[in-house]
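Novice: kindly generate the corresponding structure for this input.
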Amino acid sequence: MGKRRDTTKATRLTLYAASKYLSTDSKDELGLRIPFDVYLQDPYVSKNDPKFGFDEDFFVNWEPGIADGPTSARFAVVDYNGDTGAIIPMAVWNEKQEAFLAPDKTILDKKNSRLPQFHQVNVWAVLQRALTFFEEGSGLGRRIPFGFEGNRLIVLPHAGYGKNAYYDRKSKSLQFYYFDQDDERIYTCLSTDIINHEFGHAVLDGIRPYYYESSRVQTGAFHEFIGDLTAILIILRNNNFRGKIAKDTKGDISAAAHLTSLAEQFGNATSDNPYLRTALNKLTMADISDTDGPHTVSQVLTGAMFDIIKELTRHYITKRGRTVKEAFYNAVDRMQRTAIQPLDLLPPVDVTFRDYALAVLRSEELSNPTDPFNYYEMMLEVFVKRNILKEKDRKELLAPKYVYNRMEVDVYHDIGDISRSRATAYRFLDDNRDKLFIPANQDVIVADLYDANKYLYQANRLPRQIILEYIWREDVVLNGKQFAEFEGQSTTMLCGGTLVFDDKGNILSWFRKPGTIGGKGEKWEAENAAGKKRLSDFLNDLAKRIQSGQVGAVLGSSKGMVGTLVPPVTVSKQDGVLKFELSPHLNLSGEDHEHYKGGKRWQVSS
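Specialist: Residues are numbered from 1 along each chain as shown. From the prediction side, this is the model:
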C-alpha cells in the first residue's frame, strides 16, 4: 500500500460517493479502505499451520456510519449472551485512529485476539467483506436486501454455549456459539468459513425469501450449498492464500486441504474429522436419492462447482500457459461470476439443483456467447456427471439457439415502464397472463423488481438486467393418512417465475414454476402437466417429512435465541391454512435429520 494522503472530512465524503469508480490503489491512497486483523480461516488452522493464521492483507471499505459495536450501515454487533443474560462491552470506534479499541483503549489487533472485543471486530469485518463480495459487479451487481423488515443484520458473537451457529430471520440475526473441547474454548465467531457460510444463508434469504416456504429437501440443501460455496469462493479471493495453495499443490487444486475443507476447528471438535463438510467428493444425485438431510444432499452441488473450479484451473495451466498462481487467480476471478451472477435468474420459489445448473449455463451463454474455449460444454459435462442434469438434456442444451428473443405478448409494455415500479410490472403481468401461463383466477404478486449492473472480465459491463419475480398460491387439500394429524386440512403450493430483461426489453431468461390450473391449448397442457408433477412431488416430500417426524411447531425463546425444540420443517396456521416452512434456524450443524422414522431427534439436538 502506497503513502496515504490526508483529506478533510468533506473531501472524504465526496470521494466515498464516487468510490465505485476508483481503483483499489486509489482507495488505499485516499483512505477509503481500512486495514483489520482477522483470522484467515480459524484459530485451529492458525495454531497448526501458522502461515494460514491471520489475513495479512485484509481491508474493509470505509463508510460514514461506522460506529461502536462495531456498527455499520448493514450490520450491528450486539454482544448479548442468551445463557448468562450478560451484555459484553462493545468495541469502541476511534475515528482519528481509524481503529476499534477495547474498553482500556487498546487497539484490537491479532495481539489481542483473546479479547471478546476482538471477536466482535473479527466477525464484523469478515461480514463487511462478504457483503462486498455479493454486491460488487462480479457478483450480483446491486445492493442486496435482507429477508426481514429492516436493513441491519444483528450479529451476536457470543450468543450462548453450544456447538452451532445459525442465521435466523425472525430475530434478524446471525448467532454464533462457543463450546469447550480438550480444555480449550472454541468460538464459532472466529471461524471465517463459518461466518461466511451463515451469511450465505442471510443473502439467499434476502434475494429469494420464498425459499423458506418449502418442504423440499433440495431447497433446504440449496441453502446449505450457498453457505459452503460462499466460504470457498471468499477464501480463494485472498491473494496470499492462493499463492500458498499454488506453491503447496503445484497445480493440483484437489490437494489443497485447507481449501476443500470447511470449518476445520468446528469439524475437528464435533465429529473427529478435520472438516465439517468437504467440497472434494464424488457424490451424484443417485447417491443421495434416499437422503433427506440437507447438509448431506448439498455436497453434490458443492462438489460439482468445485469440479468446475478444478477444470478452469487446469484449463488456464494447460491451454493458456498460465503459471499455477496465475491460473488460480483467473479461475477464482471467473468463478465468482460463474457461480454468483446466475442467482438472479433462479425462480422465486421451490429451487432445485437442476434449476441452478440451468441458470449457470444460461448465464454463461449470456456473458460468453462465442465461447472460444468451450467453457459451456465443460460445465454441462460436470452437471451431467453429477446426475444434476440428464443425458437427454445435453442434446437440447447444445442445440444452436439465439442468445435472446423478444417475448410474444398480447400487450407490449415498454421496459422502462415495467421497471419503474411493482404496480407497473403487475400491469404487464396481468395484461399478458395467457402468454405468461398465469391463471386468470389467481391473484399474482410481484415478489420483487430490481435491476443489476454486472461485470465481465476486467470490469467490462454486461447489459443492464431488469429482474421481475412474481408468484401466486394454489390451494391444496392434504387428503390421505400419509399426512397424519394434518389430513383433511388445506395448505398452498407456491407457483411463479423470474423474468430477466435487458435494457432494450429483450428476454434474457425465464425460469418458472407452474401450477395445475390454467388455460387451453397445447402449450397450456404442457405447462399444467409440469405443474401436476410439481404438485405430486410437493405432496410426496411433505408426506415423507411428516412420517419421519421432521415437522413440528417452533418452540424457541422469546428473545429470539435458539430453543431446544427446533424441527427441520415448521408448521403454523394462518387464516385457516397450514403454512410449512424450512426451520427458522438455518444452521451450521452437520448432524442431518436423516431416517428418523418418527424418532424426532431434533427435539434434543440443540
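Novice: quick one: contacts for residue 514?
Specialist: 437, 495, 527-528, 530-531, 534 (C-beta atoms under 8 Å, 6 or more residues apart in numbering). Using the backbone N, CA and C atoms, a C-beta is placed for each residue, glycine as well.
Novice: hmm, which of these are the buried ones?
Specialist: Among the contacts of residue 514, those buried by neighbour count (16 or more other C-beta atoms under 10 Å) are 437, 495, 527-528, 530-531, 534.
Novice: check contacts around residue 61.
Specialist: Residues in contact with residue 61 (C-beta under 8 Å, 6+ apart) are 19, 27, 32-34, 128, 132.
Novice: what do you get if the cut-off is 6 Å, keeping everything else the same?
Specialist: residue 33 (C-beta atoms under 6 Å, 6 or more residues apart in numbering).
Novice: for residue 364, same thing?
Specialist: Taking C-beta under 6 Å, 6+ apart as the criterion, residue 364 is in contact with residue 376.
Novice: for residue 111, see how far away it is.
Specialist: Using C-beta to C-beta, to the nearest Å, one gets 46 Å for the distance from residue 364 to residue 111.
Novice: about what we covered before: out of the buried ones among the contacts of residue 514, flag the one nearest to residue 443.
Specialist: Nearest to residue 443 among those is residue 495, at 11.6 Å by C-beta to C-beta.
Novice: so what's that closest one closest to, chain neighbours aside?
Specialist: Excluding its sequence neighbours, the residue lying closest to residue 495 (C-beta to C-beta, 6 or more residues apart in numbering) is residue 515, at 4.0 Å.
Novice: touching, that neighbour and residue 473? I think so.
Specialist: No - using C-beta atoms under 6 Å, residue 515 is not in contact with residue 473, being 9.0 Å away.
Novice: of those two, who's got more company?
Specialist: residue 515 (24 against 19; other C-beta atoms under 10 Å).
Novice: per-residue pLDDT, residue 363?
Specialist: We have a pLDDT of 96 for residue 363.
Novice: going forward, begin numbering at 829 instead of 1
Specialist: All set: I'll call the first residue 829, so the last point we hit is now residue 1191.
Novice: next SSE downstream of the stretch of helix or strand it belongs to?
Specialist: Per DSSP states H and E: residue 1191 is located in helix 1181-1195. Remark: after helix 1181-1195, the chain's next helix or strand is helix 1203-1213, criterion DSSP H and E.
Novice: following element in sequence after that following helix, please.
Specialist: helix 1219-1226.
Novice: how big is the angle separating that next one from helix 1181-1195?
Specialist: Helix 1219-1226 and helix 1181-1195 are oriented at 20 degrees to each other (axes from the mean of the first three to the mean of the last three C-alpha atoms, to 10 degrees).
Novice: show me which residues of helix 1219-1226 are buried.
Specialist: Across helix 1219-1226, burial judged by 16+ other C-beta under 10 Å covers 1221, 1225.
Novice: distance between that helix and the chain's centre?
Specialist: Chain-centre distance of helix 1219-1226: 28 Å, with C-alpha atoms, centre = their mean, to the nearest Å.
Novice: show me what whatever helix or strand comes next after it is packed against.
Specialist: Remark: after helix 1219-1226, the chain's next helix or strand is helix 1243-1246, criterion DSSP H and E. When contacts are defined as 3 or more C-beta pairs under 6 Å, 6 or more residues apart in numbering; DSSP states H and E, helix 1243-1246 sits against helix 1250-1259.
Novice: tell me which residues of the helix it packs on come out buried.
Specialist: Buried, per 16+ other C-beta under 10 Å, within helix 1250-1259: 1252-1254, 1256-1257.
Novice: out of those, flag the one nearest to residue 1178.
Specialist: residue 1257 (18.9 Å).
Novice: pull the contacting residues for that closest one.
Specialist: Here residue 1257 is in contact with 1272, 1298 (C-beta under 6 Å, 6+ apart).
Novice: quick check: the gap between it and residue 1266.
Specialist: 6 Å.
Novice: what's the overlap in contacts for the two?
Specialist: With C-beta under 6 Å, 6+ apart as the test, residue 1257 and residue 1266 both reach residue 1272.
Novice: figure out how far whichever strand or helix holds residue 1028 is from the centre of its chain.
Specialist: Here residue 1028 sits within helix 1020-1035, counting by DSSP H and E. Distance, stretch centre to chain centre, for helix 1020-1035: 5 Å (C-alpha atoms, centre = their mean).
Novice: run the angle between the helix or strand following it and helix 1181-1195 for me.
Specialist: Counting by DSSP H and E, the next helix or strand C-terminal to helix 1020-1035 is helix 1045-1064. Between helix 1045-1064 and helix 1181-1195, the angle comes out at 50 degrees (the same axes, to 10 degrees).
Novice: excluding chain neighbours, what is closest to residue 984?
Specialist: Excluding its sequence neighbours, the residue lying closest to residue 984 (C-beta to C-beta, 6+ apart) is residue 1003, at 4.7 Å.
Novice: what about that neighbour, neighbour count?
Specialist: Using other C-beta under 10 Å, residue 1003 is surrounded by 28 other residues.
Novice: what do you get for residue 1041?
Specialist: Look at residue 1041: counted by other C-beta under 10 Å, it has 19 neighbours.
Novice: isn't it up against residue 1408?
Specialist: No - contact criterion C-beta under 6 Å: residue 1041 and residue 1408 do not qualify, at 7.2 Å.
Novice: which residues does residue 904 bridge with?
Specialist: residue 899, residue 982 (DSSP bridges).
Novice: one step back: in the helix holding residue 1191, which residues are buried?
Specialist: 1181, 1183-1195.
Novice: swap in stretch 885-903?
Specialist: In stretch 885-903, counting by 16+ other C-beta under 10 Å, buried: 886-890, 894, 897-900, 902-903.
Novice: against residue 1175, how distant is the residue nearest to residue 1275 when sequence neighbours are not counted?
Specialist: Nearest residue to residue 1275 in three dimensions, chain neighbours excluded: residue 1297, at 4.2 Å (C-beta to C-beta, 6+ apart). Counting by C-beta to C-beta, the separation of residue 1297 from residue 1175 is 8 Å.
Novice: identify the contacts common to these two.
Specialist: Joint contacts of residue 1297 and residue 1175 (C-beta under 6 Å, 6+ apart) are residue 1326.
Novice: that older thread, which strand residues bridge the residue nearest to residue 984?
Specialist: Here residue 1003 sits in beta bridges with residue 984, residue 994, as judged by DSSP bridges.
Novice: report pLDDT for it.
Specialist: For residue 1003, pLDDT reads 96.
Novice: ok, now which ones touch it?
Specialist: Residue 1003 neighbours (C-beta under 6 Å, 6+ apart): 984, 987, 994.
Novice: among those, which one lies nearest to residue 1331?
Specialist: Nearest to residue 1331 among the contacts of residue 1003, with distances taken as C-beta to C-beta, is residue 994, at 39.2 Å.
Novice: where's the closest one relative to residue 1413, distance?
Specialist: 4 Å.
Novice: okay, those two: which has more neighbours?
Specialist: Remark: of residue 994 and residue 1413, residue 1413 carries more neighbours, 26 against 23, as counted by other C-beta under 10 Å.
Novice: beta partners for the more buried one?
Specialist: Beta-bridge pairing for residue 1413 (DSSP bridges): residue 996.
Novice: from residue 902, how far off is it?
Specialist: Note on residue 1413: its distance to residue 902, by C-beta to C-beta, is 21 Å.
Novice: can you check residue 1363 too?
Specialist: Residue 1363 is 38 Å from residue 902, by C-beta to C-beta.
Novice: again, but for residue 1310
Specialist: 44 Å.
Novice: returning to that earlier point: which single one of the buried residues of helix 1250-1259 is nearest to residue 1280?
Specialist: Taking C-beta to C-beta as the measure, residue 1280 lies nearest residue 1253 of these, at 15.5 Å.
Novice: please identify which helix or strand holds the residue nearest to residue 1323.
Specialist: Per DSSP H and E, there is no helix or strand for residue 1343.
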